[in-house]
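**Student:** Quick one: sequence plus predicted model below, questions after.
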Amino acid sequence: MTELTTEFWFPPAGQLGWFAPELALIATIVAVVAVPIILGRRARLSACVALLGVVAALLLTGDVGRRVAEEAAAGLAPPGAPPMLIADNFAVFFKAFLLLFLTLVTVLWLFGLTGRRPALARRFAAHSVEFFVLLLGSALGMMVMVSTLNLLMIILAIELASLPSYALAGYDKRDPAGAEASLKYVLFGAVTAAITLYGVSLLYGAFGTLDIPTIAAAMAGGGAGVGAALGLLGLCVGIGFKISAVPFHFWCPDVFEGATIEVATWLSVASKAAGLGLLLRVVTAMGSLDDALAITVGIVATATCTLANFAAYRQQNVKRILAYSSIAHAGYMLMAAAVFVPAASEAEPNLAASALLLYLLTYLFMNFGVFAATACVEWETGSSALSNFIGLGRRAPWLAVPMAVCLLSLVGLPPLGGFLAKWWLLVALGSGAAEHDRLWGLVLVLVLNTLFSLYYYLRIIYMMFLRTEWSRPAPLAPHVGGLVLVNACAVVLLLFGTLGARAVKLLADEYAVHLYAAPLARAAAALVP
Amino acid sequence: MANLHGYLLLGAMLFGLGLVGFLARRNLIVIFLSAELMLQGVVLNLVGFGRFHRDLDGQAFAGFILVIAAVEAGLGLALAVLLLRRKGTPDVEAWRALRG
């Protein structure tokens, strides 16, 4: 054995300061448990404590972002070793993104307390403390997922994000659908986690290190054997499960249908964002993908969006349709990873990364808008069956119109944010295909899939506005808070597509620079003995 | 040290047995056991590689995996109790209401 470090290393406060958002989230988890001991278990109290903590973490992320902009990337590193955790531009974007979304989901949960019918609301509110501990725990895992390149930390982060999610899916344990959703989620999760771990053990065995940039440098130096390739494949299985890429997507529709709408909302955006962030980080650490790997990712992306779009056709439950829609969008975003090519210089925004960040940002608002609208209907009627949306245009116009706006944005029609996102993705695909000729197909796949997806999105809109003749249900009185959320999302999407288009693109560009500086420099340093 | 291959072979066998059990069995508890078996295969791999590379990363990793396996088993068994109480059978085929 090499000599063991005799002294115990504890990260200095200066380094820990870079991870203030995570620490704030941990403190919030403790507070969510501790406060009810003093003040009594009340659902609203837990939600407010969680909300305060998350907003504090968001503010701290802004602070870290300012420091990162001044001092460039930093990390949490033992002396003489590559960092375990990284704080850079990219991580700051994803942390802010996840925390913003967490805030929205918590607000939606609060509205769900008063929006549901009393009997359901009581059942729903019964375990608020547990709910928020699990929710914040999974958020913490996702935040760590996007800020590390160490295999051990990646595994711990994926598990920290997954394990609470399994429990969240079956959070209402009296609901058989929730129990079944949880069962399917945990079974898929367990087997993919084991495969991922096996892959990671092979990577460690092949290169003797857990640091991905070092591994990438060794691979580029011609050290890649069968074990390394299998190991990389195993790691990709884990990431594919988190973003529900085909063929690891089976859990997604069942979990969305069985879980409560708030949990489905959280998983639909956060799990995919964290998975894509991690994937992009791994891809950047490798510099650029070689042809075979890029084509593999391209094929998976193609299969993911095509299969999801066709499977969505015959669904009768809006949550299931949205689950397949979210799988399709994960496929679109995967395409950006397939065409990732390093930009000419460090300070120049990377086209593919910028397209991905822009897409995620738009996707957050359009998906949250549709889910919040579905939540309003589910709270009132008790289910999210497509038949509950018939005539919604007359029964609740203030709900139906913004929901239609969000749906059209998911299709990608101008002048909405979704169009802008698809447009920049197409630009990135075009420029990436100039490097890898065979990726031109992806442009075609994206355009064709947008056309396929038109049908099922329009089907919901048709149900809401045009199919009223044979049923005249009573007018719906959706929850006011839910209405505000849905309308706000629709307005944001309109702004993204028109006046704010330039500002959003600049924002995405700002976080797509200096992506590969840190990993490559470290890998080069690691090679020097 | 001399037998890295032995450890890897045993690890791969445990992993493979777990995978086959996971896919072929229908009893909920056996399925969770199979998942645990797969993780133990990984642990053996990591410890073997750690010894081969002469550093502690592999063993430290194995320790973390034991924790992950324990948490997963806890969650899985809690779920198994919930499901058993509802349907009275450990057969996973009894749970197929969500489809499409």
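**Tutor:** Sure, I can see it.

**Student:** Sketch out the low-pLDDT regions of the stretch 251-400 of chain A for me.
**Tutor:** A:287-290, A:343-346 (pLDDT under 70).

**Student:** contacting residues for the closest residue to chain B within it?
**Tutor:** Of the residues in the stretch 251-400 of chain A, the one nearest chain B is A:Asp254, at a distance of 4.3 Å by Cβ to the nearest Cβ. Placement of C-beta: from N, CA and C, glycine included. Contacts for A:Asp254 were tallied using Cβ atoms under 8 Å, 6 or more residues apart in numbering or on different chains; they are A:180-181, A:184-185, B:98-99.

**Student:** my guess is A:Ile212 meets A:Leu149, correct?
**Tutor:** Yes. Assessed by Cβ atoms under 8 Å, A:Ile212 is found in contact with A:Leu149 at 4.3 Å.

**Student:** How about the contacts made by the closest residue to A:Ala303 other than its chain neighbours?
**Tutor:** Among residues not flanking A:Ala303 along the chain, A:Val246 sits closest, at 4.4 Å (Cβ to Cβ, 6 or more residues apart in numbering or on different chains). Counting by Cβ under 8 Å, 6+ apart, A:Val246 touches A:300, A:303-304, A:307-308, A:327, A:331.

**Student:** repeat that for 10 Å
**Tutor:** A:240, A:299-308, A:311, A:327, A:330-331, A:334 (Cβ atoms under 10 Å, 6 or more residues apart in numbering or on different chains).

**Student:** neighbours around A:Ala39, how many?
**Tutor:** That one is not Ala; residue A:39 is Leu. Close neighbours of A:Leu39, defined as other Cβ atoms under 10 Å in any protein chain shown, add up to 10.

**Student:** ditto for B:Ala70
**Tutor:** B:Ala70: 12 neighbours (other Cβ under 10 Å).

**Student:** Which of the three states applies to it?
**Tutor:** Under DSSP: H, G, I helix; E, B strand; the rest coil, the three-state class of B:Ala70 is helix.

**Student:** What's the separation between it and chain A?
**Tutor:** As judged by Cβ to the nearest Cβ, to the nearest Å, B:Ala70 and chain A stand 11 Å apart.

**Student:** Please enumerate the helices of the stretch 251-400 of chain A.
**Tutor:** Shown for the stretch 251-400 of chain A, the helices assigned by DSSP state H, counting those that start in this stretch span residues A:251-258, A:261-266, A:272-285, A:291-311, A:318-338, A:351-381, A:392-395, A:397-411.

**Student:** which helices and strands does the fourth one pack with?
**Tutor:** For helix A:291-311, the helices and strands in contact under the criterion 3 or more Cβ pairs under 10 Å, 6 or more residues apart in numbering or on different chains; DSSP states H and E are helix A:226-242, helix A:251-258, helix A:272-285, helix A:318-338, helix A:417-433, helix A:440-465.

**Student:** Kindly recompute the last result at 6 Å.
**Tutor:** helix A:318-338, helix A:440-465 (3 or more Cβ pairs under 6 Å, 6 or more residues apart in numbering or on different chains; DSSP states H and E).

**Student:** same deal with the longest one?
**Tutor:** The contact analysis (3+ Cβ pairs under 6 Å, 6+ apart) places helix A:351-381 against helix A:89-115, helix A:261-266, helix A:318-338, helix A:397-411, helix A:417-433, helix A:480-497, helix A:501-510.

**Student:** Is any residue of the second one near chain B?
**Tutor:** Going back to what we said before, that points to helix A:261-266. No. Applying Cβ under 6 Å from any Cβ of the partner chain, one finds helix A:261-266 separated from chain B by no less than 12.5 Å.

**Student:** Could you pick out the residues of chain A near chain B for me?
**Tutor:** Checking chain A against chain B by Cβ under 6 Å from any Cβ, the hits are A:1, A:152, A:159, A:163, A:166, A:173, A:179-180, A:182-183, A:186, A:190-191, A:194, A:197-198, A:201, A:204-205, A:208, A:210, A:254, A:257-258, A:315.

**Student:** Selection in ChimeraX covering whichever of the residues you listed are buried, please.
**Tutor:** What follows is the ChimeraX syntax selecting those of the residues of chain A next to chain B that are buried according to 16 or more other Cβ atoms under 10 Å in any protein chain shown:
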select /A:152,159,163,166,173,179,180,182,183,186,190,191,194,197,198,201,204,205,208,210,254,257,258,315
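
**Student:** just checking, which of the residues of chain A next to chain B belong to helices?
**Tutor:** With helices taken from DSSP state H, the overlap with the residues of chain A next to chain B comprises A:152, A:159, A:163, A:166, A:179-180, A:182-183, A:186, A:190-191, A:194, A:197-198, A:201, A:204-205, A:254, A:257-258.

**Student:** Who are the contact partners of A:Gly170?
**Tutor:** By Cβ atoms under 6 Å, 6 or more residues apart in numbering or on different chains, the contact set of A:Gly170 is A:178-179, A:182.

**Student:** swap in A:Glu262?
**Tutor:** Counting by Cβ under 6 Å, 6+ apart, A:Glu262 has contacts A:108-109, A:112.

**Student:** Quick check: of those residues, which has the highest neighbour count?
**Tutor:** A:Trp109 (27 neighbours).

**Student:** Find residues that contact each of A:Ile212 and A:Leu149.
**Tutor:** Joint contacts of A:Ile212 and A:Leu149 (Cβ under 6 Å, 6+ apart) are A:Ala285.

**Student:** Could you list the low-pLDDT ranges of the chain?
**Tutor:** You didn't pick a chain, so chain A it is. A:1-7, A:72-73, A:223-224, A:287-290, A:343-346, A:468-473, A:516-529.

**Student:** switch to chain B, that's the one I care about
**Tutor:** B:1-2, B:100.

**Student:** Which strand or helix spans the residue nearest the centre of it?
**Tutor:** By Cα atoms, centre = their mean, chain B has its centre lying nearest to B:Glu36, at 2.2 Å. Using DSSP states H and E, B:Glu36 falls within helix B:28-53.

**Student:** can you pull the buried residues of that helix?
**Tutor:** For helix B:28-53, burial by neighbour count (16+ other Cβ under 10 Å) applies to B:28, B:31-51, B:53.

**Student:** what residues does chain B put near chain A?
**Tutor:** B:15, B:22, B:35, B:38-39, B:42, B:45-46, B:49, B:53-54, B:57, B:61, B:68, B:71-72, B:75-76, B:79, B:82-83, B:95, B:97-98, B:100.

**Student:** Distance to A:Ala501 added to the helices of the stretch 251-400 of chain A, as JSON lines?
**Tutor:** Listed next are the helices of the stretch 251-400 of chain A as JSON lines, based on distance: least, Cβ to Cβ, whole Å:
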{"stretch": "helix A:251-258", "distance to A:Ala501": "31"}
{"stretch": "helix A:261-266", "distance to A:Ala501": "26"}
{"stretch": "helix A:272-285", "distance to A:Ala501": "21"}
{"stretch": "helix A:291-311", "distance to A:Ala501": "24"}
{"stretch": "helix A:318-338", "distance to A:Ala501": "18"}
{"stretch": "helix A:351-381", "distance to A:Ala501": "10"}
{"stretch": "helix A:392-395", "distance to A:Ala501": "28"}
{"stretch": "helix A:397-411", "distance to A:Ala501": "13"}
